[in-house]
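[1] Got a sequence here, can you model it:
(one chain, ligands or ions: 1)
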Amino acid sequence: MASPAVLVLGIVGSGIMAAGIAEVALIAGHDVVVRSRSIRGANDVAARVAKNLDRRVERGKLDAATRDDALTRLTVTAQISDLAHCSIVLESIVEDMDSKVALLRELDTVVSNRAILATNTSTLSVSKLAMTTSHPNRVCGIHFFNPATTMPLVEIIRTDVTTPDVIDTATSFVASCGKDAVHVRDDAGFIVNALLFPYLNNAIKMMERGTASMDDIDTAMKGGCNFPMGPFVLLDLVGLDTSLSILRTLHEASGNPADAPAETLLRLVADGHLGRKTGQGFHTY
Ligand SMILES: NC(=O)c1ccc[n+]([C@@H]2O[C@H](COP(=O)([O-])OP(=O)(O)OC[C@H]3O[C@@H](n4cnc5c(N)ncnc54)[C@H](O)[C@@H]3O)[C@@H](O)[C@H]2O)c1
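    Numbers count the residues shown, from 1 in each chain. Next comes the predicted model:
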């Protein structure tokens, strides 16, 4: 029997984050509709979610009946109209303003005016995205971290016009997923990325100056700060294209030349080396 907190979550995208958030929401008991541009991308998300749930069962972290039930609550589609009945639609497509604006305009014509349109953007202006819709007060950021299945934090981002009930619903949803919410005003990079990415960028610039090797910088920040991974391993995990977009937005917001993205990052992205997801980034996988 569904508890009142159970909702239908729409997720748009088929990348690292979309699949992770789908898994988290399914385990929390929600119905999930994942929409990708192609049915192949959508099926790929379903396959990744099923594989991860199988792995949880093998490790004794989930029973087989719960896995089977979770999979019955997952729908994947290439049709945007299949999101019409969702109470929250969370977009998690490429970190690019034009692509997100185009998507939100399309979603605006499909979802109910009581639904919440949320973005998983890492740094882009939630206010700008909201203003492209006909109900900007129903737009907020729900920013999961990577990997969504294990990272405990979610940032909830409000704009000047987001209504309190939207933030309350987003907060309840995040709590239902077993995550810790923090609330933040719409400001480039919110809390975590505003503080984290200048450090990551500086690590690349330190290597470029020849101060220390990539491996020694990774080792130093693990051993010296007790971080779970060094900056280059983390950049590869986030994805170098996503990292570059984040740094460009932060640089644009500050206007400080010292915040310009590091040259090596620009070169790796131009060469198609995007980190773990392509098998090659700063490290090889
Ligand atoms: N990777 C991270 O560590 C991380 C963490 C938190 C939030 N995010 C945010 O989540 C979002 C997705 O990131 P990701 O890491 O899953 O990326 P990804 O590269 O793994 O996936 C991007 C997805 O966007 C789709 N896409 C690309 N261009 C598109 C377009 N024009 N229209 C519609 N869909 C398009 C791709 O098909 C793919 O499904 C971004 O906004 C990113 O900033 C990423």
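
[2] Number of residues surrounding residue 182?
    Here the number of neighbours of residue 182 (other C-beta atoms under 10 Å) works out to 14. (Each C-beta comes from the backbone N, C-alpha and C, glycine too.)

[3] which element is it on?
    In this assignment (DSSP states H and E), residue 182 forms part of strand 180-185.

[4] So which elements touch that strand?
    strand 153-158, helix 164-176 (3 or more C-beta pairs under 8 Å, 6 or more residues apart in numbering; DSSP states H and E).

[5] Residue 275 is nearest to which of the ones you listed?
    Each of those was checked against residue 275 via C-beta to C-beta, and the shortest separation belongs to strand 153-158, namely 20.9 Å.

[6] Give the pairing partners of the closest one; include direction for each.
    Strand pairing for strand 153-158, determined by DSSP bridges: strand 139-144 (antiparallel), strand 180-185 (parallel).

[7] C-terminal to the last one, what's the next element?
    For strand 180-185, the following helix or strand on the C-terminal side (DSSP H and E) is helix 192-208.

[8] What helices and strands are in contact with that following helix?
    Helix 192-208 sits against helix 214-225, helix 231-238, helix 240-254, helix 263-270, with contacts defined as 3+ C-beta pairs under 8 Å, 6+ apart.

[9] quick revisit: highest average neighbour count across the strands paired with strand 153-158?
    Counting by mean count of other C-beta atoms under 10 Å, strand 139-144 has the highest mean neighbour count of the strands paired with strand 153-158, with a mean of 26.

[10] Tell me what angle that strand forms with helix 192-208.
    Angular relation of strand 139-144 and helix 192-208 on a 0 to 180 degree scale: 50 degrees, by axes from the mean of the first three to the mean of the last three C-alpha atoms, to 10 degrees.

[11] Could you number the chain from 51 rather than 1 from now on?
    Got it, the first residue is 51 from now on, which makes the last one we talked about strand 189-194.
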